[in-house]
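> Take a look and give me a structure for this.
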Amino acid sequence: MEKPGERFRREIISPLTEAQPIERRLIFLEPNDNLALERIMGKSDLVDTSYLELGLLAARPVCRIQVVNLFGRPEGYGTGFLVGPNLLLTNNHVLDTAELAKKSFAEFEYEQDINGRKKTSKSFDLRPDEVFVTDPEMDFTFVSVAPIATEGTELTDYGLLRLVEDTGKVRTGEYVSIIQHPDGGLKNCCLRENKVVDIFDDWLHYLTDTQCGASGSPVFNDQWLVVGLHHSGVSMKDAQGNILKTDGQPYQEGIDAPSTIAWVANEGVRISRIFKALESRSENEPMAAEALRRLRSHGTGPVGPAIITAPEPIPDAVMELGKLPMEHYRLADGYNPDFLGSLYHLPLPKLAENLQSKVATLKNGGQILTYLHFSIVMNADRRLAFYTAANIDGKKLEKIKRTRDKWYFDPRLDQKYQAGPKLYEDNPLDRGHLVRRLDPCWGPNARDAGEDTFHFTNCSPQHKRLNQHDWLEVEDYILKTADNANAQISVFTGPVFREDDMIYRNEYLLPADFWKVVVFVNKNGKFGATAYLRTQKNYLESREFFDDEFKTWQVPVVQVEALTGISFGLPKDADPMARAAAEKGLESQRSYLRRIRSAADIML
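This next block holds a predicted model:
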């Protein structure tokens, strides 16, 4: 006699020879995986050993969610995974309200090492005030995650899993894998013992071993693309719709233990359906639009790896010094004032009269250091840049792979005017790029341009815990926005110098604030300009870090000019913040500011 559930499995699993179009499924295969088609057709169970290595990468963005109720008490566990910059995906029934999410946290590396010892996990706060999008019907929740763990680890260390919105990532009869925290325990994986038995418009059904706490786990195909969001089991039912137990008797809620239920399959939400749900809400819900933007920020097509690891991993633990010959600088064209077009001439900024005597003089008597696509003016007293000025061509940018960093003194400027290795040794200060490494990487000499950003003249001391994401996202957003007519921008960046800046090692003054001004030509053929400020004051003073005291702001350009003594010579109507301040009737534009949590907050 068949046990309960066997007939269901036999009748669903056996007829797997039905004709199904396979062409679409082939789109998602790696060209070098010669066994992929055979696995899909059920002719082989072999996988390359690289499959296991990719699985380890896929596991890194998966975390345990500890659900804490409004009274601060632990309430349960779930699983979640990173799918975009600072963006986590889980189930609605794990985190159903922003209030609950605000108390809860994501725990990464809650797992064993290769010796069977428990690792030290890292906890990250959730930030539903930035992004919180939930759907009870489809049972998904997107929530923003703090970029830094409570002990200082960066969220980008864990990478993310790119979601592909196209259908066709898995077929009935294929095997899937699930990485999960069953019962809230250590991270486990259920590997290729899980057959897809049915595919509906919204759901996948598959036979796999999941337990409580696995809700919110990613369901992977053999290419480690996420095909579903696991959310529940499918119970066996009789003809009247009653849930059955393993002994074939009806299950009685409140009397029978849930462990006695006869499960015939598990159910996951299809990723393509989640995209559709977000898309339908994005026009009227800013947070849904922001979640969608973050999901698509690393591309959405099937081409490329399923697993996106941490961007820009920095391989060197010890600073390596290099030396460039003078002929290296022969091609250094510097900042181009006509980069945005001959009708949009934008010269280098002007320093206030009282600052001009502090400019470091080059060995040839000049004052402007030119590099490939950017220029720098140095402050002789502070040994840091007054400002950098860069031209960025978004249509020609190349992603040059980062290798072991070498940092350079610029031979055209006396080293006494350049803050070198001594400032950054044996402390938590990073050499923060003012001109981003990839910003000038366009044109025929893109690699050399990236190398130019590793001059000490282009870096400024920044605490390693300082969040770069929202700061760097500004340029990416403006490059891609429809309001930018030609995907080109000119960017000016620098520190704010104050007389009361913190004295360090009896010879350096550490700037607490940094500014950025981005200029472009808008779709109306006029200058557009936005300005931003951020601070690291709390970090530098070694006080307890509170989010309320560390923020990135969009401010009027005139506020940056007032703080720095640097004039950009922009038309008054170029700055939307200035226009908004005027509309609000503010006496001073400098009193107007806007909190930037993500690119969706930027006013253009």
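
> which residues of the protein fall in helices?
Assigned by DSSP state H, the chain shows helices spanning 6-13, 23-26, 36-40, 50-59, 98-103, 271-282, 286-296, 421-424, 446-452, 469-480, 537-540, 557-564, 576-583.

> quick one: the last one to helix 557-564, angle?
It refers to helix 576-583. Relative orientation of helix 576-583 versus helix 557-564 (axes from the mean of the first three to the mean of the last three CA atoms, to 10 degrees): 110 degrees.

> Give me the mean pLDDT for helix 576-583.
Averaging pLDDT along helix 576-583 yields 84.

> Repeat that for the first one.
Taken as a whole, helix 6-13 has a mean pLDDT of 39.

> Surely Gly78 is in contact with Thr90?
Yes - counting by CB atoms under 8 Å, Gly78 touches Thr90, with 5.6 Å between them. Placement of C-beta: from N, CA and C, glycine included.

> Need the overlap of contacts for those two.
Counting by CB atoms under 8 Å, 6 or more residues apart in numbering, the contacts common to Gly78 and Thr90 are Ile65, Ser215, Gly216.

> which of those residues lies closest to Thr530?
Ile65 (35.6 Å; CB to CB).

> Could you measure from that closest one over to Thr141?
10 Å (CB to CB, to the nearest Å).

> Spit out the residues that contact the two alike.
Counting by CB under 8 Å, 6+ apart, the common neighbours of Ile65 and Thr141 are Thr90, Val94, Leu95.

> Let me know how buried the second one is, in neighbour terms.
Neighbours of Val94 under the rule other CB atoms under 10 Å: 25.

> Could you do the last one as well?
The tally of other residues near Leu95 (other CB under 10 Å) stands at 26.

> isn't it right up against Val145?
No - look at Leu95 against Val145 with CB under 8 Å: they stay out of range, at 11.7 Å.

> In terms of neighbours, single out the busier of Gly78 and Thr90.
Using other CB under 10 Å as the criterion, Gly78 and Thr90 rank with Thr90 on top: 29 against 26.

> Tell me the bridge partners for that one.
When bridges are called by DSSP bridges, Thr90 pairs up with Thr141.

> got the contact list for it?
Ile65, Gly78, Thr79, Gly80, Phe81, Phe140, Thr141, Val143, Ser215, Gly216, Leu229.

> Name the nearest of those relative to Pro421.
The closest of these, once distances to Pro421 are taken by CB to CB, is Phe81, at 39.0 Å.

> Look up how far Ala257 lies from the closest one.
The value you get for Phe81 to Ala257, if CB to CB is used, is 30 Å.

> Looking at these two, which is more packed in?
Phe81 (27 against 8).

> The more buried one against Leu89, yeah?
Yes - Phe81 lies in contact with Leu89 (CB under 8 Å); the separation is 6.0 Å.

> Spit out the residues that contact the two alike.
Common neighbours of Phe81 and Leu89 (CB under 8 Å, 6+ apart) are Gly216.

> count of residues packed around the residue nearest to Asp393 when sequence neighbours are not counted?
The shortest distance from Asp393 to any non-neighbouring residue, by CB to CB, 6 or more residues apart in numbering, is to Trp442 (4.6 Å). By other CB under 10 Å, 20 other residues sit near Trp442.

> tell me the least confident of the shared contacts of Ile65 and Thr141?
Per-residue pLDDT puts Val94 lowest of the shared contacts of Ile65 and Thr141, at 90.

> so where's the stretch 51-200 of the chain uncertain?
For the stretch 51-200 of the chain, applying pLDDT under 70 flags the ranges 168, 192-193.

> who's in contact with Asn458?
With CB under 8 Å, 6+ apart, Asn458 has these contacts: Tyr371, Ile376, Ala385, Thr388, His433, Leu434, Val435, Asp452.

> Tell me how far it lies from Lys572.
Distance from Asn458 to Lys572, by CB to CB: 31 Å.

> now do Val555
15 Å.

> what sits up against stretch 515-522?
Counting by CB under 8 Å, 6+ apart, 340-341, 344, 346, 471, 474-475, 478, 483-486, 488-496, 527-533, 557, 560, 563-564, 568, 570, 574, 604 sit against stretch 515-522.

> So which of those residues sit within strands?
Residues of those located in strands (DSSP state E): 488-496, 527-533.

> Tell me which two of the contacts of Thr90 sit farthest apart.
Val143 and Ser215 (14.5 Å).

> Tell me which of these two has more neighbours.
The residue with more neighbours, out of Val143 and Ser215, is Val143; 29 against 25, by other CB under 10 Å.

> Now for that one: which residues touch it?
Leu87, Leu88, Thr90, Leu95, Ala101, Leu126, Arg127, Pro128, Val131, Phe132, Val133.

> Just give me the closest of the residues you listed to Phe220.
Using CB to CB, the contacts of Val143 come closest to Phe220 at Thr90, 16.1 Å.

> Tell me how far the closest one lies from Thr150.
From Thr90 to Thr150 the distance is 20 Å (CB to CB).

> List the ones among the shared contacts of Gly78 and Thr90 that fall in strands.
Using DSSP E, those in strands are Ile65.

> Using a markdown table, lay out the shared contacts of Gly78 and Thr90 together with distance to Leu155.
As requested, the shared contacts of Gly78 and Thr90 are arranged in a markdown table below (distance: CB to CB, whole Å):
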| residue | distance to Leu155 |
| --- | --- |
| Ile65 | 14 |
| Ser215 | 22 |
| Gly216 | 17 |
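
> From the shared contacts of Gly78 and Thr90, pick the one nearest Lys118.
For those, the nearest to Lys118 is Ile65 (18.2 Å; CB to CB).

> how many neighbours does the residue nearest to Asn364 when sequence neighbours are not counted have?
Counting by CB to CB, 6+ apart, Asn364 lies nearest to Arg412, which is 7.0 Å off, once chain neighbours are set aside. By other CB under 10 Å, the residues close to Arg412 number 15.

> Run a quick check on Arg412 versus Leu362, I expect a contact.
Yes - the pair Arg412 / Leu362 is scored as a contact, 5.3 Å apart, by CB under 8 Å.

> any shared contact partners between these two?
With CB under 8 Å, 6+ apart, Arg412 and Leu362 have common neighbours Leu369.

> check contacts around the residue nearest to Asn364.
Here Arg412 is in contact with Met326, Tyr329, Leu362, Lys363, Asn364, Leu369 (CB under 8 Å, 6+ apart).

> Next, name the residue at the spatial heart of the chain.
Pro85 (2.0 Å; CA atoms, centre = their mean).
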